[in-house]
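# Need the 3D shape of this:
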Amino acid sequence: MASKRKKIRIGCLSTILMLFISFCIFFYFSTRLIPPTPKDLSPLKLERIQIDTNFFICGNNWFKKSNNGLWELYLEGNAFERGVINGKLTKELICKQEDAFVEQIDQIIPSRTYLYFLQFLIGWFNRDIDKNIEPEYLQEIYGVSLSASDAYNYIGSKYARILNYHGAHDIGHALQDYHFVGCTSFSAWGSKSEDSTLIVGRNFDFYVGDKFAEDKIVCFINPDKGYKFMMVTWGGMIGAVSGMNDKGLTITLNAGRSEIPHEAATPISIIAREILQYAKNINEAYEIAKKHNSFVSESIMIGSLEDNKTAIIEKTPLTTTLFFSDTTFIICANHFQSKEIKNTDLNLQNIKESSSMFRYNRLLEMLNSYSEINVTNTAELLRNRKGLGNKDIGMGNEKSINQLIAHHSVIFKPAQKIVWISTNPYQLGEYVAYDLNKIFTDFKGLKVKTEIISPELTIPADSFLQTKAYQKFLLYNKYKHSVNFLIKNAPFVQIPESFFETFIKTNSENYLTYMLTGEYYQKKNNFNKAIYYYKQALTKEIATLTEQNKINKNITKCLEELSND
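Numbers count the residues shown, from 1 in each chain. Have a look, this model is predicted:
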C-alpha cells in the first residue's frame, strides 16, 4: 500500500514537473519578441565618423553636444536606416540611459529575486507589444537596439529591452503613487496671446533619478514619409513626449490616473510619435489617437497652427474624447476635463487625492494675472515655485508648477516654427531657441561643428540659481537622500538631532522635511518626537491626500505604541 502511495506521489510530482516545464516552454516562446526583418540591410555598413569633440556624423546625419549642454541629433531616411544611424550616433547615451534606468529600478526594488519575478511578469504582460506598434516604428526600434549594451542581456534581448522601455513612460503613469510624474502644460491664442498666434508651454516632470535627465536630446527628424519634426527625447527613445512638426502641430503628454494595465497595447509615446509625424491639425491627430488602444490614460495636448488653437485628446484604455476650451487658453494637468470622462470614479478620485487640481488652479490664477501671454512670461509661469496666492509651499513641492524635477521644459511658437528648450538644471537654465525653418534647410548634412540655436532669442537663466535659497535646495536634496537611506537601510544607526535640525532649515516650508524626520524617529521608536514632527508636517501644504492620510495613520500608530508602554 505504501509502495502504491509512493508511486502515486512520484506520478503526481512528475505530472506537476511536466506541467511546469510545459508552462516554462510556453512562457518562453510566448514572451519572446522577434525582431522584424528589414528588406535592406545596407545601413548596417554605415560607419560613425568623429569630426570633433562630441561631434559625430554618419552620412547626412549628425549628433553633437551644444555649448549649452544639450545634445542635438539630426536623422533622415527610412525607418530602419534612421534607427541604425540613431543607434550608431548615440550609442554611449543609450547605454548611459539604460544604466540610469536600471539603477533607479534597483533602488525602488532592491530585491534581485523580486526583480527577476517582475522581469518575467512584464515579459508576459508585454508579450504582444509588437503587435500593437506600427511596423515602421518596430523597424526603427530594432535599428536602435543593435547599438544597445550587452550588460543587461540577463533582463532580455537588446530588441526586447529597447521595445519595452517605450512603455516605461506608461508604467510610470500607472504608478503615480511613486511620484514619477506630475506634468503641467498650457496654451494661449487669439486675444490671450500677445501676437494672437498660438503659444504652448509645458513642464515634463517625469522623474527617474537625476542621472536620467543629464543627457536630454533635441532630435530633428526628416523622415522618408510624413512631416519633418523635432522632439525632446533621450538615448534609445524613438517615441515622442514633447514635439512640433513643420506644419506647426505640437504635442505634449500629461498623465491621467490609470488602473494597472491588464494587457499589452500601444505605448502612448508611440501614439504621440505617429501624430507628430503624420498629423497637421487637431482632427487628424484625433483620428490617429482613436485607432490605437493605449496602455494607460493620458491627456494628449495638441496645438495646431492650422486651427490656431489647442485641444486635448483625453484617452483611456476604453475611451478617446476631444476636449476644447471655451476661452482663448487651455490648461492641462493630470485630470480629465471632458464631459465624457471628467465624472468617472477614477478621475474624481484622482482630483481628490493628487496634486493635479491644485496645479490647475494655480496656473489658472497666474494666467488670469496676465492680460496677454508671450514667450517671456510663459517661461516665468513654467518656473514658478509658489502655491496658490503666491504662498511659499516649500521648494520641490509636487503642488508647484515648477517641482524642481523636470526632465525638460518647452515653449512652442508654431506660427514661427520656433521651439525653446530648457537647459540644466531643470527649467532653471537658459531656454535656448531652435528655428525649424533653419534646421531643416541650413543644417542638413552638417560637417563642421556649429551652434544651431538662434542666440538672439535665448531666454536668460532663472535668477533663482544665484540665490542662497537655491544652494539650500541643493543641500536639502542631499539630506533628503540620506534620510531616505537611513529610514530604509540603517535602523540601528544613531543620528544626532542637530542633523535633522539642519535638514529642516534647508527647506522649512516643505512638509516633506518634517514627514521624513518623523518617519526616522518612528523607526527609532522615539514616538513622541515622531508625533511632534508629523504634526509639524500637517501645518504645511501637503502634496497629496494620500500622504496626508499616511501622516495621520503614522500618528495613530505612534500613539498606540505609547499607550502600550
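# any idea how far residue 529 lies from residue 501?
Residue 529 is 12 Å from residue 501, where distance means Cβ to Cβ, to the nearest Å. (C-beta placed from N, C-alpha, C; glycine too.)
# element containing residue 503, please.
helix 497-506 (DSSP states H and E).
# what about the helices in the stretch 51-200 of the chain?
Counting by DSSP state H, counting those that start in this stretch, residue ranges of the helices within the stretch 51-200 of the chain are 79-108, 112-125, 135-145, 158-165, 168-174.
# what about residue 426, how many residues close to it?
24 (other Cβ atoms under 10 Å).
# what helix or strand does the residue nearest to the spatial centre of the chain sit in?
Most central in the chain under Cα atoms, centre = their mean is residue 206, positioned 3.0 Å from the mean C-alpha point. Here residue 206, judged by DSSP H and E, is contained in no helix and no strand.
# again, but for residue 347
helix 345-353.
# That helix - what's its average pLDDT?
Averaging pLDDT along helix 345-353 gives 93.
# same check, this time on stretch 409-421
Computed over stretch 409-421, the average pLDDT equals 98.
# what does stretch 71-88 give?
On average, stretch 71-88 scores 98.
# And that stretch, end to end?
End-to-end distance of stretch 71-88 (Cα to Cα, to the nearest Å): 15 Å.
# for it, the distance to its chain's centre please.
From the chain centre to the centre of stretch 71-88 is a distance of 22 Å (Cα atoms, centre = their mean, to the nearest Å).
# number of nearby residues for residue 92?
13.
# Which phi and psi values does the closest residue to it other than its chain neighbours adopt?
In space, and not counting its chain neighbours, residue 92 is closest to residue 235: 7.8 Å by Cβ to Cβ, 6 or more residues apart in numbering. Torsion angles at residue 235 (phi, psi; degrees, to the nearest 10) stand at phi -60, psi 130.
# Give me the local confidence score for residue 235.
For residue 235, the model assigns a pLDDT of 95.
# That one contacts residue 89, doesn't it?
No: using Cβ atoms under 8 Å, residue 235 is not in contact with residue 89, being 10.1 Å away.
# Residue 529 and residue 501 - which one has more neighbours?
Using other Cβ under 10 Å as the criterion, residue 529 and residue 501 rank with residue 529 on top: 17 against 10.
# May I ask which helix or strand encompasses that one?
Here residue 529 is assigned to helix 527-537, by DSSP H and E.
# sorry, back to before: check contacts around the residue nearest to residue 92.
90, 92, 93, 94, 95, 96, 97, 98, 215, 217 (Cβ atoms under 8 Å, 6 or more residues apart in numbering).
# Residue 147 versus that one, what's the distance?
Counting by Cβ to Cβ, the separation of residue 235 from residue 147 is 9 Å.
# Which neighbours do those two have in common?
With Cβ under 8 Å, 6+ apart as the test, residue 235 and residue 147 both reach 90, 94.
# Can you pull out the low-pLDDT segments for the chain?
Across the chain, residues meeting the criterion (pLDDT under 70) sit at 1-32, 104-127, 168-181, 208-209, 259-263, 490-491.
# was I right about residue 257 contacting residue 350?
Yes: counting by Cβ under 8 Å, residue 257 touches residue 350, with 3.5 Å between them.
# Need the overlap of contacts for those two.
With Cβ under 8 Å, 6+ apart as the test, residue 257 and residue 350 both reach 334, 335.
# Hmm, residue 136 and residue 225 touching each other?
Yes: the pair residue 225 / residue 136 is scored as a contact, 7.5 Å apart, by Cβ under 8 Å.
# ok, the two, which is more surrounded?
residue 136 (21 against 9).
# residues touching the closest residue to the more buried one other than its chain neighbours, list them.
Using Cβ to Cβ, 6+ apart and skipping residues adjacent in sequence, the residue nearest residue 136 is residue 79, 4.5 Å away. Residues near residue 79 by Cβ under 8 Å, 6+ apart: 136, 137, 139, 140, 143, 223, 224.
# how about 10 Å then?
36, 38, 134-143, 223-225, 238 (Cβ atoms under 10 Å, 6 or more residues apart in numbering).
# swap in residue 452?
Here residue 452 is in contact with 62, 64, 66, 72, 74, 218, 220, 432, 434-435, 438-439, 442-443, 446 (Cβ under 10 Å, 6+ apart).
# Kindly indicate which of these lies nearest residue 382.
residue 432 (14.4 Å; Cβ to Cβ).
# Give the next helix or strand downstream of the helix or strand encompassing that closest one.
According to DSSP H and E, residue 432 maps onto strand 431-435. As assigned by DSSP H and E, the chain's next helix or strand after strand 431-435 is helix 436-442.
# What's the first helix or strand after that following helix?
Following helix 436-442 toward the C-terminus (DSSP H and E): helix 468-489.
# which residues are in contact with that next one?
107, 110, 210, 385, 394-396, 404-405, 425, 428, 462-465, 467, 490, 493, 495, 499-500, 502-508, 510, 512-513, 516-517, 519-520, 522-524.
# Repeat the analysis, applying 8 Å as the threshold.
395-396, 404, 428, 464, 493, 495, 499-500, 502-503, 505-507, 510, 512-513, 516-517, 519-520, 523.
# Can I get it in PDB? Just the C-alpha atoms.
C-alpha atoms of helix 468-489 as PDB (Å, rounded to 0.1, in the frame of the first residue of the first chain):
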ATOM      1  CA  LYS A 468      21.200  81.300  -1.200                       C
ATOM      2  CA  ALA A 469      17.800  79.600  -1.400                       C
ATOM      3  CA  TYR A 470      18.900  77.500  -4.400                       C
ATOM      4  CA  GLN A 471      22.000  76.500  -2.500                       C
ATOM      5  CA  LYS A 472      19.800  75.400   0.400                       C
ATOM      6  CA  PHE A 473      17.700  73.400  -2.000                       C
ATOM      7  CA  LEU A 474      20.800  71.500  -3.300                       C
ATOM      8  CA  LEU A 475      21.700  70.800   0.300                       C
ATOM      9  CA  TYR A 476      18.100  69.700   1.000                       C
ATOM     10  CA  ASN A 477      18.300  67.200  -1.800                       C
ATOM     11  CA  LYS A 478      21.500  65.700  -0.300                       C
ATOM     12  CA  TYR A 479      20.000  65.500   3.200                       C
ATOM     13  CA  LYS A 480      16.700  64.000   1.800                       C
ATOM     14  CA  HIS A 481      18.600  61.200   0.000                       C
ATOM     15  CA  SER A 482      20.500  60.500   3.200                       C
ATOM     16  CA  VAL A 483      17.400  60.400   5.400                       C
ATOM     17  CA  ASN A 484      15.600  58.100   3.000                       C
ATOM     18  CA  PHE A 485      18.600  55.800   3.100                       C
ATOM     19  CA  LEU A 486      18.600  55.900   6.900                       C
ATOM     20  CA  ILE A 487      14.900  55.100   7.100                       C
ATOM     21  CA  LYS A 488      15.100  52.100   4.800                       C
ATOM     22  CA  ASN A 489      18.600  50.700   5.400                       C
END
